[in-house]
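**Student:** sharing a sequence plus its predicted fold:
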Amino acid sequence: MSIPTSTPKSVRIDAWLWAIRAYKTRSAATAACRAGHVKLNGNPAKAAQPVQPGDSIRVRQPGFERILEVRALISKRVGAEAASHCFTDHTPERPPAPALGLPQRDRGTGRPTKKDRREMERLRGDR
């Protein structure tokens, strides 16, 4: 798949974020802009703000922040492979989630006994 041949002159930031599949719906992208979760070149972005190739967009999502660079403008949602050609992802790798170190119970062993429950509470630091 390739980028659509007819590229628009300007695209709203919420439509672009939806088209590259950063958000599932355009209304979710608009809500993220209104809530201040989207920054265009370091400044908070309004939903109707136009984007241009070379712009830097920071999208705050639960648990991390994506840093995207606009390479091409698209206004319609396309396949994931075609959408990946329209931006460069500069997001640093997420650190691995810390292991809790809690023992895992085998499936099908039933409910924990009182002794098992007390041991789990002790390991969690509840007691």
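**Tutor:** Thanks, I have the structure now.
**Student:** my guess is R58 meets K39, correct?
**Tutor:** Yes. Taking Cβ atoms under 8 Å as the definition, R58 is a contact partner of K39 at 4.3 Å. To be clear about C-beta, it is placed using only N, CA and C from the backbone, and glycine gets the same treatment.
**Student:** what about V59, is that helix, strand or coil?
**Tutor:** Under DSSP: H, G, I helix; E, B strand; the rest coil, V59 falls in the strand class.
**Student:** and the closest residue to it other than its chain neighbours, helix, strand or coil?
**Tutor:** Among residues not flanking V59 along the chain, R66 sits closest, at 4.5 Å (Cβ to Cβ, 6 or more residues apart in numbering). Classification of R66 using three-state DSSP returns strand.
**Student:** so who does R66 touch?
**Tutor:** Neighbouring residues of R66 by Cβ atoms under 8 Å, 6 or more residues apart in numbering: 22, 58-59, 89, 91.
**Student:** from the residues you listed, list just the buried residues.
**Tutor:** Among the contacts of R66, those scoring as buried are 22, 58-59 (criterion: 16 or more other Cβ atoms under 10 Å).
**Student:** looking at the most centrally placed residue in the chain now. What's its pLDDT?
**Tutor:** Centroid check for the chain by Cα atoms, centre = their mean gives Q61 as the closest residue, at 4.8 Å. At Q61, the pLDDT value in this model is 87.
**Student:** before we move on, what about L123?
**Tutor:** At L123, the pLDDT value in this model is 82.
**Student:** what number of residues lie near it?
**Tutor:** By the measure other Cβ atoms under 10 Å, the count of residues near L123 is 13.
**Student:** confirm it sits in a helix?
**Tutor:** Yes. Assessed with three-state DSSP, L123 lies in a helix.
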